[in-house]
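S.K.: Here's my sequence, what's the structure:
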Amino acid sequence: MADFVLVYSGGSVPETEEAQAKVMQAWTDWYANLGPAIKDGGNPFSPVAKTVSSDGSISDVSGTVLTGYTILTADSIDRATELAKGCPVLDDGGQVHVYETFEVR
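M.R.: Predicted coordinates for the structure are as follows:
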């Protein structure tokens, strides 16, 4: 088994309380479906982000803005990717990027 970081980009925050409740229920249902595969349910990211370059300069993030993450445990990147297909961010036009991660000892 390995750990995989699902990084989200895109999607949006629903404007009404009813729409927010519907989206939160979709996330709750997806997490319930993932069950023990969840290592860290993650959190959303705020839109405020900075980039630090190798020369030490700092700038606002441009291009694709990341919107959150979840960490899963799965037996392969293919399985983690299959699990990611149910992510609610996809329902709102977002994307899920799946990365394998590992401990450095």
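
S.K.: Quick check: closest non-adjacent residue to the residue most central in space within the chain.
M.R.: For the chain, Tyr69 is the residue whose C-alpha lies nearest the centre (C-alpha atoms, centre = their mean; 2.9 Å). Spatial nearest neighbour of Tyr69, excluding adjacent residues (C-beta to C-beta, 6 or more residues apart in numbering): Gly42 at 4.3 Å. Quick note: C-beta positions are derived from backbone N, CA and C, even for glycine.

S.K.: what pairs with the helix or strand hosting that neighbour, and is each one parallel or antiparallel?
M.R.: With elements delineated by DSSP states H and E, Gly42 resides in strand 38-44, which encompasses its position. Applying DSSP bridges, strand 38-44 is found paired with strand 66-74 (antiparallel).

S.K.: those strands in the chain, which residues are they?
M.R.: Counting by DSSP state E, the segments of the chain that form strands are 2-9, 38-44, 50-52, 58-60, 66-74, 95-101.

S.K.: Just name the most buried of these.
M.R.: strand 66-74 (a mean of 19; mean count of other C-beta atoms under 10 Å).

S.K.: pLDDT wise, what is the residue lying farthest from the centre of the chain at?
M.R.: For the chain, the residue at maximal distance from the C-alpha centroid (C-alpha atoms, centre = their mean) is Asp55, at 29.0 Å. What the model reports as pLDDT for Asp55 is 97.

S.K.: Could you report the neighbour count for Ala80?
M.R.: Applying other C-beta atoms under 10 Å, we find 23 residues neighbouring Ala80.

S.K.: In this structure it contacts Val96, no?
M.R.: No - in this structure, Ala80 sits apart from Val96 without contact. The criterion is C-beta atoms under 8 Å, and the distance is 9.8 Å.

S.K.: From Phe102, how far off is Asp29?
M.R.: When distance is defined by C-beta to C-beta, to the nearest Å, Asp29 is 30 Å away from Phe102.

S.K.: Also Ala80?
M.R.: Here the criterion is C-beta to C-beta. By it, Ala80 lies 13 Å from Phe102.

S.K.: Kindly report the same for Thr64.
M.R.: The separation that Thr64 has from Phe102, given C-beta to C-beta, amounts to 24 Å.
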